[in-house]
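A.B. asks: Mind folding the following:
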Amino acid sequence: MSNNSVKSATDMLAEKQQTTNEEALGKMKEAMGAKGELKLLVKPTARICATGGVVERMQNEPEFKEFVSECIKRHFTCDWGDISEEDKERQDVLAHTNAEVHSCYIWNPETHDGDIMIDTNADRDMTIVQYPSEYKEEDKK
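C.D. replies: So this is what the prediction gives:
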């Protein structure tokens, strides 16, 4: 057997890793839906934070905790939640230009008690979950 027909362990590992990466990418695209668009909204080392009020309610209400978890997943897949189509389009542009992005989700359509906003900074290394009443535009400048 010649050296040309024998693959090195490094070559075999590289091929396996490439296949694994392609499979993972395919599954992620499939999960994203028909668009097939894959957007990495945050860095793998990003921090997810929540304000004290949101954390307290999550600790006391399992349903609210599940709501917040689902909203974070939606935010990270560029589903901006309960905002106008125009605002969704704007957030899509911001996500592709590495600007700060925002999403809003309605917990109770009748009282709006528990509605949340999720913001990811332009560096994509921190995301915060907060109530709309806690959001201050001047703090972002």
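A.B. asks: hey, where'd the helices end up in the protein?
C.D. replies: With DSSP state H as the criterion, the chain has helices at 9-32, 52-60, 62-76, 85-96.
A.B. asks: For the protein, give me the ranges with low pLDDT.
C.D. replies: 1-42, 136-141 (pLDDT under 70).
A.B. asks: Now the phi/psi pair for Asp115, please.
C.D. replies: Taking degrees, to the nearest 10, you get phi -60, psi 150 for the backbone angles of Asp115.
A.B. asks: Does it touch Ile106 like I think?
C.D. replies: Yes. Counting by Cβ atoms under 8 Å, Ile106 is a contact partner of Asp115 at 5.2 Å. Just so you know, the C-beta spots here come from the backbone N, C-alpha and C atoms, and that holds for glycine as well.
A.B. asks: what about Thr97, neighbour count?
C.D. replies: A total of 9 residues lie near Thr97 under the criterion other Cβ atoms under 10 Å.
A.B. asks: again, but for the one 5 residues further on
C.D. replies: Close neighbours of His102, defined as other Cβ under 10 Å, add up to 18.
A.B. asks: and if you look at the one 10 residues further on?
C.D. replies: For His112, the count of nearby residues is 11 (other Cβ under 10 Å).
A.B. asks: returning to that earlier point: Asp115 and Ile106: who's more crowded?
C.D. replies: Using other Cβ under 10 Å, the more surrounded residue of Asp115 and Ile106 is Asp115, with 19 against 14.
A.B. asks: residues touching the residue nearest to Trp107 when sequence neighbours are not counted, list them.
C.D. replies: Leaving aside its chain neighbours, Trp107 sits nearest to Gly114 (3.3 Å; criterion: Cβ to Cβ, 6 or more residues apart in numbering). Residues near Gly114 by Cβ atoms under 8 Å, 6 or more residues apart in numbering: 57, 64, 67, 107-108, 131.
A.B. asks: what does His112 give?
C.D. replies: Going by Cβ under 8 Å, 6+ apart, His112 touches Ile106.
A.B. asks: Next one: it from Ser69, what distance?
C.D. replies: His112 sits 20 Å away from Ser69, going by Cβ to Cβ, to the nearest Å.
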